[in-house]
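Asks: What follows is a protein structure lacking sequence information:
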């Protein structure tokens, strides 16, 4: 695993190639199986399906969830990942009403971030009833010891069992703190190695892995099949490297998603979900449209 200094040096060395327009990038042949959630177009090596984390347009969702979802569906997103914005993950609708609404738009509500420590049984039942694929814990906060992370892994196993009983999967979404060394270990490793792969998956936030000083591709390869979802979130090159809130329009930053997404696809990552949290010179809806355009034209 690269340390931060070496990784930044390598990023600078290869950054120019990573920023080449997609039309100058070749599309390597692949014999690997198509991912179930983000299938690769057989002829062109493009993404067939990709999603949006609705937190990217959270203000718009708070104002009018139906109108916001209708608009982003028109941008070309085929999948949605939700969050609990105070109105529940179904935004004031029943689970079946919400499913009917998004089905009519031609998009799939594949997953949602939620508090998996409260009312998980009932939420998992509702999610499973409408065919959702995942309930995802988005944040646990830095733990004080490795033993606390191990206890968290035990809790994830239990939550994974509840989700499995209802026909869906449990996943944990990382932030940078699980890549900060603690007691000589990397907490993210502890969580992965102490959870049952039959019960617990992981959603890699590529931005947080990258800004923590690690190579997302190396982590995907280190734990094949465990990172089944990925947040596609680019890092601005105009801000300090360790800026906590430094995301930008995908393709305008410094991360090599051509390589990252190919590696993810080849190592069990089924879902590619756009997320952006900073909007310099733009707004969330405009950014969501530009990000969809990038994903639709993406070539491996």
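Replies: Thanks, I have it. Just so it is clear, the model here is predicted, and its values are computed rather than measured. Numbers count the residues shown, from 1 in each chain.
Asks: Around residue 64, count how many other residues there are.
Replies: 12 (other Cβ atoms under 10 Å). Backbone N, C-alpha and C define where each C-beta goes, glycine included.
Asks: and if you look at residue 216?
Replies: For residue 216, the neighbour count with other Cβ under 10 Å is 25.
Asks: That one touches residue 205, doesn't it?
Replies: No: contact criterion Cβ atoms under 8 Å: residue 216 and residue 205 do not qualify, at 9.1 Å.
Asks: between those two, what contacts are shared?
Replies: Common contacts of residue 216 and residue 205, defined by Cβ atoms under 8 Å, 6 or more residues apart in numbering, are absent altogether.
Asks: ok, now how distant is residue 82 from residue 147?
Replies: Residue 82 sits 33 Å away from residue 147, going by Cβ to Cβ, to the nearest Å.
Asks: Which of the two has more residues huddled nearby?
Replies: Taking other Cβ under 10 Å, residue 82 and residue 147 do not tie; residue 82 has more neighbours (28 against 11).
Asks: and that one, what does it touch?
Replies: Counting by Cβ under 8 Å, 6+ apart, residue 82 makes contact with 54, 89, 91, 109, 111-113.
Asks: Name the member of these with the most neighbours.
Replies: In terms of neighbour count, residue 111 stands highest of those at 29 neighbours, by other Cβ under 10 Å.
Asks: So what are the sheet partners of the helix or strand hosting that residue and their directions?
Replies: Element membership of residue 111 [criterion: DSSP states H and E] is strand 108-113. Applying DSSP bridges to the sheet, strand 108-113 is found paired with strand 79-82 (parallel), strand 134-137 (parallel).
Asks: for the record, mean pLDDT for the helix or strand following that strand?
Replies: Toward the C-terminus, strand 108-113 is succeeded by helix 120-129 as the next helix or strand (DSSP H and E). The average of the pLDDT scores along helix 120-129 is 99.
Asks: which secondary structure elements does helix 120-129 contact?
Replies: Using 3 or more Cβ pairs under 8 Å, 6 or more residues apart in numbering; DSSP states H and E, the elements in contact with helix 120-129 are helix 95-105, strand 134-137, helix 146-165.
Asks: try 10 Å
Replies: Packing contacts for helix 120-129, counted by 3 or more Cβ pairs under 10 Å, 6 or more residues apart in numbering; DSSP states H and E, involve helix 95-105, strand 108-113, strand 134-137, helix 146-165.
Asks: Now render these as a markdown table, adding mean pLDDT and distance to residue 58.
Replies: Shown next, in a markdown table, are the helices and strands packed on helix 120-129 (pLDDT from 0 to 100; distance: least, Cβ to Cβ, whole Å):
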| stretch | mean pLDDT | distance to residue 58 |
| --- | --- | --- |
| helix 95-105 | 99 | 17 |
| strand 108-113 | 99 | 11 |
| strand 134-137 | 99 | 16 |
| helix 146-165 | 99 | 24 |
